[in-house]
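K.L.:
After the sequence you'll find the predicted model.
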Amino acid sequence: MNEPIPVPKVALVTGAARRVGAAIVERLHGAGYQILLNYRHSAEEAQALAARLNALRAGSVELLPADLCQMEAVQQLAELASQRGVGLLVNNASSFDPTPLGAVSEAQWQALFDSNLKAPFFLLQALLPTLRARRGAVVNLIDIYAERPLQGYSVYSISKAGLAMLTRSMARELAPDVRVNGVAPGAILWPEQPSPEQAAAQQRILAQTPLGRTGRLEEIAEAVHFLAEATYVTGQIIAVDGGRSLYL
């Protein structure tokens with residue numbers, strides 16, 4: 001009988017200072033992972049999270065600031081993560097901006113694709129030797145709107161659709177050495193200061209969510225943790241959306 005593949009215990013989580021990323025960090029940390037916590041602008045939140053978790057387990061969280069829209073920063077982050085022996089990559093960092101058709105600029109297109117597709121691809125590529133050596137795993141945070149577009153957010157939806165294909169493509173390319181999966185959240189976090197139009201849209205979304213509520217950050221983190229350790233699962237995208245995608 002084959003020996004079980006060891007679970008990777010050093011995790012790089014991008015965009016991890018707050019919201020979904022912070023919940024993923026907390027979940028993995030609680031499961032015994034060493035955390036490489038990447039952030040761009042949210043230094044205060046990142047430092048507070050790292051301090052709290054390091055107080056529970058000394059030296060268990062390291063901060064690695066980097067702007068993943070810059071290729072040089074991606075390469076530097078990958079080099080540092082490789083030195084730490086990373087075995088799990090969680091591509092959580094993402095941009096979510098409206099792009100009404102007819103007024104989309106090339107800069108908007110580029111910014112969304114840099115954050116949501118280019119950075120995950122090139123970070124994964126740079127980490128390949130390390131991930132292969134550790135028979136590691138990748139979990140990409142996608143979106144249910146990668147499957148069915150969100151009105152007014154066409155470029156975002158297109159970029160996330162690309163990330164979904166990246167997930168499936170890399171799962172095939174990298175098997176059997178590296179598993180690649182995705183989590184597609186539904187209604188988890190609303191904008192922090194919604195406009196009246198956004199508030200109305202929120203109510204419509206909840207009305208079409210069979211479980212009748214928004215999801216919790218912890219539920220996304222649970223799915224990420226499952227895929228990190230599910231050694232016979234690859235190329236899959238799990239919708240954590242309360243059934244919302246049944247209506248899309």
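P.N.:
That came in fine, so what should we check first?

K.L.:
Between its first and last residues, what's the separation in stretch 182-201?
P.N.:
With Cα to Cα, to the nearest Å applied, stretch 182-201 spans 26 Å between its terminal residues.

K.L.:
Okay, buried residues for that stretch please.
P.N.:
Neighbour-count burial for stretch 182-201, counted by 16 or more other Cβ atoms under 10 Å, picks out G182, V183, A184, P185, G186, A187, I188, A201. Where C-beta positions appear, they are placed from N, C-alpha and C, glycine not excepted.

K.L.:
in the chain, which spans are helices?
P.N.:
In the chain, the helices defined using DSSP state H lie at 19-30, 43-56, 71-83, 106-113, 119-133, 154-174, 196-207, 217-229.

K.L.:
Which one of those helices lies nearest to L89?
P.N.:
The stretch from those with the least distance to L89 (Cβ to Cβ) is helix 119-133; that distance is 5.9 Å.

K.L.:
Which of the buried residues of stretch 182-201 sits closest to V13?
P.N.:
Using Cβ to Cβ, the buried residues of stretch 182-201 come closest to V13 at V183, 12.6 Å.

K.L.:
bridging residues for the closest one?
P.N.:
Per DSSP bridges, residues listed as beta-bridge partners of V183: L141, I238.

K.L.:
same question, N91
P.N.:
Beta-bridge pairing for N91 (DSSP bridges): N140.

K.L.:
Quick check, pLDDT for it.
P.N.:
We have a pLDDT of 98 for N91.

K.L.:
Grab the most central residue of this protein for me.
P.N.:
Against the mean C-alpha coordinate of the chain, by Cα atoms, centre = their mean, the closest residue is N92 at 2.2 Å.

K.L.:
how close does that residue get to Q151?
P.N.:
25 Å (Cβ to Cβ, to the nearest Å).

K.L.:
likewise L12?
P.N.:
For L12 relative to Q151 (Cβ to Cβ), the value is 34 Å.

K.L.:
Which one of these two is surrounded by more residues?
P.N.:
L12 (29 against 11; other Cβ atoms under 10 Å).

K.L.:
Let's see the pLDDT reported for the more buried one.
P.N.:
For L12, pLDDT reads 98.

K.L.:
residues in contact with it?
P.N.:
L36, N38, L64, L77, A81, V86, L88, L89, V90, L127 (Cβ atoms under 8 Å, 6 or more residues apart in numbering).

K.L.:
Can you tell me who it pairs with across the strands?
P.N.:
Under the criterion used (DSSP bridges), L12 bridges to L36, L89.

K.L.:
Verify the stated contact: L174 with R135.
P.N.:
No. In this structure, L174 is not within contact of R135 by Cβ atoms under 8 Å, at 10.3 Å.

K.L.:
more crowded one of those two?
P.N.:
Taking other Cβ under 10 Å, L174 and R135 do not tie; L174 has more neighbours (19 against 16).

K.L.:
any idea how far L166 is from that one?
P.N.:
11 Å.

K.L.:
Same check on E106?
P.N.:
For E106 relative to L166 (Cβ to Cβ), the value is 22 Å.

K.L.:
who's more crowded, the two?
P.N.:
Higher neighbour count among E106 and L166: L166, with 20 against 7, using other Cβ under 10 Å.

K.L.:
OK, contacts around that one?
P.N.:
L117, P120, F121, N140.

K.L.:
so what's it scoring on pLDDT?
P.N.:
pLDDT at L166 comes out at 98.

K.L.:
now E45
P.N.:
At E45, the pLDDT recorded in the model is 98.

K.L.:
V139 contacts L124, doesn't it?
P.N.:
No. Using Cβ under 8 Å, V139 is not in contact with L124, being 11.0 Å away.
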